[in-house]
Structures are given as C-alpha cells and as structure tokens.
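Enquirer: turn this into a model:
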Amino acid sequence: MVAKDKGTVNNYFLYCRKSTDTEDMQVLSIAAQLSELRNFAKCEGLHIKETFVEKQSAKVPGRSIFSDMLARIEKGEAQGIICWKLDRLARNPIDGGQISWFLQRGTIQHIQTHDRGYFPTDNVLMMSVEFGMVNQYILDLSQNTSRGLREKARQGIYPGQAPLGYMNDKRTKTIALDRKQAKVIKQAFELYAQNESRLEDISLFLAQNGIKTDPSRRWQSEGGNPLKKDQISRLLSNPFYYGYFYYGGELHEGKHQPIITKKLFDKVQAVLEERSKPQRAKIEPKALCGLFQCGECGMMVTCESQKGHTYYRCSKKSKAVKCRQPYIREEELSRQLSEELQKFSLPEDWAKDLNKMADNDELNLAQSSAGLIQETRAELAEVNTKLKRVIDAYIDQDIERPEYLERRAELMSRKKTLEEKISDLERGQNNWLESLREWLKDAQNVGKIALDEDLIAKKSSAKKFFGSNLYLPAKKIRGLPQTQWAALAAARKNESDFSLSCNLVPGVGLEPTRDCSQGILSPSCIPIPPPRRFDRLRPGWELHPCVTVLQTVALLLGYLALS
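Expert: Numbering: from 1, shown residues only. Prediction:
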C-alpha cells in the first residue's frame, strides 16, 4: 500500500514495459499491467498525468521512451512513477543506478509498485539489493540460455534461424524441410557445380523461382529483391545443406534432412575457390587451339587467320630449338583428326554384347562390392577414433582451440564423405561400372563425331582419347592414346571374323576378376605404348600386333581398377 509520507507528489507517470517487440509474445502483459495499475492508482488517489508503454528489453541501456520519461521528470512534469515491479524500470546497473540517484536527490519523490512504495528517506540498501538481484537474474539467464543452446547443438539440432530451404518448427523446436524451396536450392547447387554460371546468375535463378529477400522490421519495402552476391556465396558455402552446421565456431552433425550430397557440395566449393581467383580477360580461341604440340620443339600449336582461312602453326616459343615446322590449314587438320578418331569407334555388335554383360554384372554388384564396403567402414571407424582422440586432447588441454576446431572440421568432413561412399556402394553404385558405361558410350558416339563438322566436339573427344599427347610433326597428326583407347584401336586393327562373344571367357562378366588363368592382365600381354617423347619428326608408334577384344576389355578394366 501507499505510505502516508508520499510528500508533495502531485503527478505520476505510469510506466509499462514488455521484453520484446514481437506482437505475438507478451501482449497480454501490457494490458494486464495497465488495468491493474490504473485501478490501484484510482483506489489510492494517485493522479496519473501520462502513460508510457515501451516494447523493448531492459537488459541493456538505451531505451528511448524510458529516457524521455526520466528527462521529463527531471524537468518537474511529474514527481512519481507507478510501475508493476522495479524490474520493469531497469534490469541493468546503469539504469538502476540512475533511478536510485534520482530517488536519493528527490527528483523522484515516490516510486509505487503493485505491492510496495519507495521513498527518498528509505534505506538505499534495499533498493540496491533488488536492482542487483534483477541484474544477476539477467546474467544467469544469459549463461543458462547459452549452455542450453550449446547442448542443443551437440544433440544435432541447429539452435538458430533456419536457412533458406528449411523452416523452424515452433511446435517441436526443430528444423523442418521446406520442400518447395529445397527443390530450388538443390537445383541452384547443381547449376553452379557445372562452372558455367556466375553468382548473379544463381541469384536470378532463385528469384525466378520465388526465393527473394525478406522485408526487414525497419524497412518493410526492402523485400522482394534478388539475393546479393555475398548472400549467394554464403548459401553455397553453408554445410547445413549436406547435413552439418557450424555453431560457436564448431562443426556439428545435424539431425535435419540434407538437401544435397557432400559430393555435390565439394564440387561447388571447388568452383567457388576457382572463381575467387582473379580472372584475366579471355580471348576466344579457335576450335583446335590448345590441342596439339609441335612435333619438333614441343611448343603448343597456335593459329592465325589469313585471307579467309585459318592456319595452325607452332607458336615457336622455344629458345633452345629453332623450329621450322610449316603451316597447316584447318580443313586438312580436321580431316586428319577425323581419321584418328575413327580408330576408336566401337562396332555395334561389340557394344551390344558388352552392354548386355555390363547389365548382368550390375545385378551382382552387392557381392563384388562387399569387400570395398568393409574396407571403407574400417576407414570410417578409424576416422571416428581419431575424432574422439582430438576431443580428448582438447579436453585435456593438450591442443589449443583453433587447432582443435580445424582438425575436428577436417575429420568431420572426411567422415561425411566416407558415409556417402558406403551409402553409394550399398545402393549398388560402383565407379568402375559407371566408368565402363561412360567408355562404351564414348566409343559408340565417336564414329558420328568423326564424320561431323563440329570441331569443338572433335577436340573434346580427342582430349578424352589422347589427353595432352597429340603432336603435329611435318603436318601429320601423331599421338599417344591413353591405355584403354590404345587397346581398343589395336583390337580394331586386328579385328577378326569372330564376334565379340567368341573372344570372351564364358561365365565371367566384365567386372575385374583375379581368376585369370591365361594371365590376361599380366604385363606380358598388355600392349605398352612407348615413352612420351618425340625425337624430331618421329613417325609415330606401332601398337602391339596381337591385341584381341578380350585383352582390350581386360586392359580397360585393369585401368579403371587402378584409377
């Protein structure tokens, strides 16, 4: 109740505050405070000159309405304050000290709460204790909240605002997948991984699919714009999308549903790193530039245009050799390149039999990949052991926090990669079989490419077959094909009248096998190209004269198994 010695207090300011400016939280507390305090003031005969309502936390100084109220009290417009409790006025030592100082000086002659009054003649210790308890409550609350958020992160639940593609489930306090946005986010990652799009292109793609900036609390008209470059860069670098997240500088394994695989994420990071380097202005080269080396001096072959025709010649940048190689017209170079590519064309009957056997092997992948799965799981167990050791070393203070965070992030990334590898193997995906199908596809298509006039397609195929081993001595193309393509060319050269099935071991598919009684994969049976060297217009090299189709396939599989 109000004490009798309230002095010459003529006017009161009624002050009500709630701790947030979000309309769906604590709205009723303001109405309840106003109703209770107005009834109380009416019963006690306290004249309320003006009411102040503030929607801001009091844990830090700087409340505009509160400061304005104190300034008007200092001017003498009111002599007292009515509030629900002292913690409505202050929750930090600066505001609490100002209230205490005003009360001791008599600037404020009376502070009335719903249960007691405060006067200048009171013992200052009591008010100081109350303000101190309020401030300590804020400190304890902050520490307890931080500890709870760290524990939530350790449990795999992201304790923050969900990124694009996800939403915060207020009912379960977890992160849920936004299926509509998640599909667009995944497409954005796949688009950027192709290394043909800029960050601006990804921003435009997202905007066209409904992902734009949100309006801020201060500027409601700012929303609806495409995301900025730095926002796109952060989105593409966020491990949250493959199932992990950073909190407090530490990488955690999340329980939320990933949108992309770790493999796709790594591809995007490689593109981001490559594009982060300064880019020089690119001059569009001619179609076959960068494909050949000079057969005399080893320098790259360049081109120039003269009288409507394109000529290719040695760049003649060698200081040790004075190159005398002549020019060659683009039409002639294209013709010779087509002849070389035709050597690697796979006959249709061969391709049909090989694809049929590959389909048969695909049905038995689970058994053939069991050993690889076991080996990968052993490596995963080793990574988990190292991860525990790193954590123990950090707890025992054997390593500093920066080193701990770096090593932990590296091990967590490796762990995710191995987990995805095991998952792929268990689903029957095998690198050698995929590479074999890709090889068969390229070998079937090269015949059409050789007959076409598309120089870019020819160059791409030649890169696959020869790599950087194409030379141009005396206006003639010479090259060292990669091993699997060299074997195919040799098999085509010695093609017999028998079909492919007559040359394959009955009952054994295409998969790499250790049961080779004839030593198909032995070094004596594999045609080995000569060393990568040309001695002044060397006329080329000869393939092994006894290469069969079976040796071609066996050689290819051995190459894939080692690559």
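
Enquirer: okay, now the unreliable bits of the chain?
Expert: 1-7, 20-28, 216-223, 279-285, 362-368, 428-432, 494-563 (pLDDT under 70).

Enquirer: which one's the longest helix in it?
Expert: Determined from DSSP state H, the single longest helix within the chain is helix 124-154.

Enquirer: for the nearest residue in space to Phe466 that is not next to it in sequence, name its beta-bridge partners.
Expert: Excluding its sequence neighbours, the residue lying closest to Phe466 (Cβ to Cβ, 6 or more residues apart in numbering) is Gly479, at 4.5 Å. All C-beta spots, glycine's among them, are computed from the backbone N, C-alpha and C. Bridge pairing for Gly479 (DSSP bridges) gives the partners Leu470.

Enquirer: ok, Gly479 - contacts?
Expert: With contact set as Cβ atoms under 8 Å, 6 or more residues apart in numbering, Gly479 has these partners: 340, 462, 465-466, 469-471.

Enquirer: repeat that for Gly165.
Expert: 177-178, 181-182, 184-185, 241, 259.

Enquirer: ok, and the closest non-adjacent residue to it?
Expert: Ile185 (4.1 Å).

Enquirer: distance-wise, check that neighbour relative to Ala490.
Expert: From Ile185 across to Ala490, the span is 48 Å (Cβ to Cβ, to the nearest Å).

Enquirer: quick check: Thr310 touching Arg329?
Expert: Yes. Between Thr310 and Arg329 there is a contact under Cβ atoms under 8 Å: 7.2 Å.

Enquirer: those two: which is more packed in?
Expert: Set Thr310 next to Arg329 and count neighbours by other Cβ atoms under 10 Å: Thr310 wins out with 17 against 14.

Enquirer: confirm that that one sits in a helix.
Expert: No. Assessed with DSSP: H, G, I helix; E, B strand; the rest coil, Thr310 is strand; it does not lie in a helix.

Enquirer: bridged to it, which residues?
Expert: Beta-bridge partners of Thr310, as defined by DSSP bridges: Ser305.

Enquirer: from Cys289, how far off is it?
Expert: 10 Å.

Enquirer: got it, and Tyr311?
Expert: Using Cβ to Cβ, Tyr311 is found at 12 Å from Cys289.

Enquirer: just Ile211 next, same as before
Expert: Computed as Cβ to Cβ, the Ile211 to Cys289 distance reads 40 Å.

Enquirer: so these two - more neighbours on which side?
Expert: Each of Ile211 and Cys289 has its neighbours counted (other Cβ under 10 Å); Ile211 has more, 19 against 16.

Enquirer: now do the contacts for the more buried one.
Expert: 164, 181, 184-185, 227.

Enquirer: grab the nearest non-local neighbour of Val53.
Expert: Spatially, and ignoring its direct neighbours in sequence, Val53 is nearest to Cys16 (5.1 Å; Cβ to Cβ, 6+ apart).

Enquirer: wait, a strand at the one you found?
Expert: Yes. Per three-state DSSP, Cys16 lies within a strand segment.

Enquirer: name the helices or strands packed onto the helix or strand where Val383 lies?
Expert: Applying DSSP states H and E as the criterion places Val383 in helix 370-395. Packing contacts for helix 370-395, counted by 3 or more Cβ pairs under 8 Å, 6 or more residues apart in numbering; DSSP states H and E, involve helix 401-426.

Enquirer: got the angle between the helix it packs on and helix 370-395?
Expert: Calculated by axes from the mean of the first three to the mean of the last three Cα atoms, to 10 degrees, helix 401-426 forms an angle of 160 degrees with helix 370-395.

Enquirer: any buried residues in helix 401-426, and which?
Expert: Across helix 401-426, burial judged by 16 or more other Cβ atoms under 10 Å covers 404-405, 407-409, 411-422, 424-425.

Enquirer: just stretch 97-107 next, same as before
Expert: 98-100, 102-103, 107.

Enquirer: what's the farthest-apart pair in these?
Expert: Spanning the widest gap among the buried residues of stretch 97-107 are Ser100 and Thr107, at 11.1 Å by Cβ to Cβ.

Enquirer: the residue nearest to Gly165 and Tyr242 touch, don't they?
Expert: No. Using Cβ under 8 Å, Ile185 is not in contact with Tyr242; the gap is 11.5 Å.

Enquirer: shared neighbours, these two?
Expert: Common neighbours of Ile185 and Tyr242, counting by Cβ under 8 Å, 6+ apart, are 259-260.
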